[in-house]
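Engineer: structure for the following, please:
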Amino acid sequence: MDQASSTAAPIAFDDFLKVDIRVGRIVTVEPFPQARKPAFKLTIDFGSEIGTKRSSAQITINHAPDDLVGSLVMAVVNFPPRQIGPFISEVLTLGVPDANGDVMLIRPDRDVPVGGRLY
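Structural biologist: Now for the predicted structure:
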């Protein structure tokens, strides 16, 4: 799908409900030099129900490690883990493209409890 010029095919609301998107707090940010495109390895706390999960995120252009630690992010938590080089990414951290096509994280604009589900 070309993000700039088309939309995805319509889905049923029940299909949307299958995607479990939760808010988490970034605990650690590490460099990921083995990634094909510049990325960070994130450790994200989703609260007691889900726990701490790891994610590879190509967010190095718009986000600095020191600014990320402690911040809230949105992520899909029910996709199967994905091998990215030597790293297992357990959740998909969500973002949108800026004017240059670089990733900007989707984040709540206020402090909310970790683990909350998007609805």
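
Engineer: what segments of this structure are strands?
Structural biologist: Using DSSP state E, the strands assigned to the chain run over residues 21-31, 40-45, 52-57, 72-76, 82-84, 87-89, 92-93, 95-97, 103-105.

Engineer: tell me which of the ones you listed sits nearest to Asp66.
Structural biologist: strand 21-31 (8.2 Å; CB to CB). Heads up, the C-betas are built off the backbone N, CA and C, glycines and all.

Engineer: could you list the buried residues of stretch 106-119?
Structural biologist: Using 16 or more other CB atoms under 10 Å as the test for burial, stretch 106-119 gives Ile106, Val114, Gly115, Gly116.

Engineer: about what we covered before: want to throw the strands of the chain into TSV with distance to Ala9, mean pLDDT and mean neighbour count?
Structural biologist: TSV is the format used below for the strands of the chain (distance: least, CB to CB, whole Å; pLDDT from 0 to 100; neighbours: other CB atoms under 10 Å):
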stretch	distance to Ala9	mean pLDDT	mean neighbour count
strand 21-31	20	98	19
strand 40-45	30	98	22
strand 52-57	26	98	21
strand 72-76	19	98	21
strand 82-84	23	95	13
strand 87-89	26	97	17
strand 92-93	20	98	20
strand 95-97	20	97	13
strand 103-105	24	98	18
